[in-house]
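[1] pasting the structure only:
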């Protein structure tokens, strides 16, 4: 009996709440809602402000100009211990996929001396999971751009006051 009484009270409270909310908030005409939106955000649906500038959401911003990569800078010094070496040349159109790795054409142990390139580290032949030395590059080290990046002549977006590790100076 108590359960039935509780159920009836709950349903009646729910119905009373719905009826009261319909009475207190009359529906606004669509034109009034549009006018209010126009006042709060004149001229569009909004925009985005970032370090690269501002852009309206409804507009397609043109692509940034391509960055200039120096032809060949030689070896770039590390700025901190265990930093992956930086790539001193452009890598545009280099395929690094499951099917091919263009980096290994020059940097593999087999080709590095002939190509005059830096050999990839011995650590790239060790499986991090088992600690086993492999006969070929470990699958977890196969995609070079996970750690190694080329350096472009790009204007910094924010001031950089980074100082190299004193042991590397």
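    Perfect, I can see it now. Being a predicted model, the structure only gives us computed values, none of them experimental.
[2] measure residue 138 to residue 161 for me?
    Going from residue 138 to residue 161 by C-beta to C-beta, to the nearest Å gives 36 Å. C-betas here are computed from N, CA, C, even on glycine.
[3] which secondary structure element contains residue 136?
    In the assignment (DSSP states H and E), residue 136 maps to no helix and no strand.
[4] ok, it - how many residues close by?
    By other C-beta atoms under 10 Å, the residues close to residue 136 number 11.
[5] now do the contacts for it.
    residue 125 (C-beta atoms under 8 Å, 6 or more residues apart in numbering).
[6] got the domain ranges for the chain?
    Using automatic domain parsing, the domain parsing of the chain gives 29-58, 67-154.
[7] ok, which of those comes nearest residue 5?
    The closest of the domains of the chain to residue 5 is domain 29-58. By C-beta to C-beta, the value is 43.0 Å.
[8] is it true that residue 105 touches residue 111?
    Yes. Counting by C-beta atoms under 8 Å, residue 105 does reach residue 111; the two are 6.3 Å apart.
[9] how close does the residue lying closest to residue 120 once chain neighbours are set aside sit to residue 160?
    Nearest residue to residue 120, sequence neighbours excluded (C-beta to C-beta, 6 or more residues apart in numbering): residue 107, at 5.0 Å. Separation of residue 107 from residue 160 (C-beta to C-beta): 29 Å.
[10] point me to the helix or strand that includes residue 105.
    For residue 105, the host element (DSSP H and E) is helix 104-107.
[11] related to what we said a few turns ago, residue 138 and residue 161: which has the busier surroundings?
    Using other C-beta under 10 Å as the criterion, residue 138 and residue 161 rank with residue 138 on top: 17 against 5.
[12] ok, that one - contacts?
    Residue 138 makes contacts with 124-128, as judged by C-beta under 8 Å, 6+ apart.
[13] can you select the buried ones among the residues you listed for me in PyMOL?
    Buried subset of the contacts of residue 138, written as a PyMOL selection, criterion 16 or more other C-beta atoms under 10 Å:
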select buried, resi 124+125+126
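[14] out of the contacts of residue 138, which one sits closest to residue 143?
    Using C-beta to C-beta, residue 124 comes nearest to residue 143 of the contacts of residue 138, at 11.2 Å.
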